[in-house]
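In: coords please:
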Amino acid sequence: MKPPILSSHPRAPIALALGLWAAATALPAAGEVYRCTENGQTVYSDHPCGSHAVTVPLLDSTPSAADQKAARERAADEAVQVREAQTARRKVQAAEDARLAAEARLATEAAEQARRNQERARLVQQDVGARYCHRVYVGPMPYPYPIPMAPPPVQIPTPMPRIVPGQQAGNSGGKPLPFVQAPVPRPAPIVPRPPHPYPPAYRIVCEPGYVYDGPEDLLPVE
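Out: Numbers count the residues shown, from 1 in each chain. This is a model prediction of the structure:
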């Protein structure tokens, strides 16, 4: 790689500093840098470029013992700060998790307590209703259930007439009598079904000062 060429004009100190920095970073520490002037231009090289070459001392980039110690202390302090920040963040997260868990537990306990209170109020209301409330029919009394059905008629066998030979011969001059049908029993009456069966219709009546809001089938009927 061709070394950089810097022009010699009023900004020479800045160019010289840049050239020294480039030479120090590009060349090994054990080498030498030479500054030469050719055709009015200042050139830096790692080998002599003429009889007017001037040796330029290399900058030692190795930090001192004090700088190394300060760097180690600074790195240790930064590591401690990082650990402390991580510990504080973990503590904050644990506290937030504990708060959320406590809120969820309190909400669950409140819901369970509300359910118990509602069940207790329902039982108390049912007990009060069974004592101080009753059902009253508002329409005609429904047909009693189950609906009675008429039993099927019993088939009685028709008895055959008893024929006495002496009577048959004396009454008809020796000719057989005609067959006589036995009397048939009357059929059993049929109970008619209700024209429009319907479930009970009633309203709830309570004593003054009592209100019932429970199952209606627990109340007595009057």
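In: State the distance from residue 133 to residue 124.
Out: Per C-beta to C-beta, to the nearest Å, residue 133 is found 13 Å from residue 124. To be clear about C-beta, it is placed using only N, CA and C from the backbone, and glycine gets the same treatment.
In: Residue 78 too?
Out: 69 Å.
In: Equivalent analysis for residue 36, please.
Out: Distance from residue 36 to residue 124, counting by C-beta to C-beta: 111 Å.
In: From the neighbour counts alone, determine which of the two ranks first.
Out: A count of neighbours by other C-beta atoms under 10 Å puts residue 36 above the other of residue 36 and residue 124, at 17 against 11.
In: remind me, longest helix of this protein?
Out: helix 65-132 (DSSP state H).
In: per-residue confidence averaged over the helix or strand following that helix?
Out: Using DSSP states H and E, the helix or strand that follows helix 65-132 in sequence is strand 133-137. Averaging pLDDT along strand 133-137 gives 76.
In: who does strand 133-137 touch, helix- and strand-wise?
Out: Packed against strand 133-137 by the contact rule (3 or more C-beta pairs under 8 Å, 6 or more residues apart in numbering; DSSP states H and E) you find strand 202-206.
In: can you list contacts of the strand it packs on?
Out: For strand 202-206, the external contacting residues (C-beta atoms under 8 Å, 6 or more residues apart in numbering) are 129, 132-138, 212, 216, 219, 221-222.
In: Neighbouring strands of it in the sheet, and parallel or not?
Out: strand 133-137 (antiparallel) (DSSP bridges).
In: And the contacts of the strand it pairs with?
Out: Residues contacting strand 133-137 (C-beta under 8 Å, 6+ apart): 200-207, 210, 212, 216, 219-222.
In: who wins for neighbours among the residues you listed?
Out: Counting by other C-beta under 10 Å, top hit in these: residue 219 with 21 neighbours.
In: Including distance to residue 43, could the contacts of strand 202-206 go into JSON lines?
Out: Below are the contacts of strand 202-206 laid out as JSON lines (distance: C-beta to C-beta, whole Å):
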{"residue": "129", "distance to residue 43": "113"}
{"residue": "132", "distance to residue 43": "118"}
{"residue": "133", "distance to residue 43": "116"}
{"residue": "134", "distance to residue 43": "121"}
{"residue": "135", "distance to residue 43": "119"}
{"residue": "136", "distance to residue 43": "123"}
{"residue": "137", "distance to residue 43": "124"}
{"residue": "138", "distance to residue 43": "121"}
{"residue": "212", "distance to residue 43": "112"}
{"residue": "216", "distance to residue 43": "113"}
{"residue": "219", "distance to residue 43": "117"}
{"residue": "221", "distance to residue 43": "123"}
{"residue": "222", "distance to residue 43": "125"}
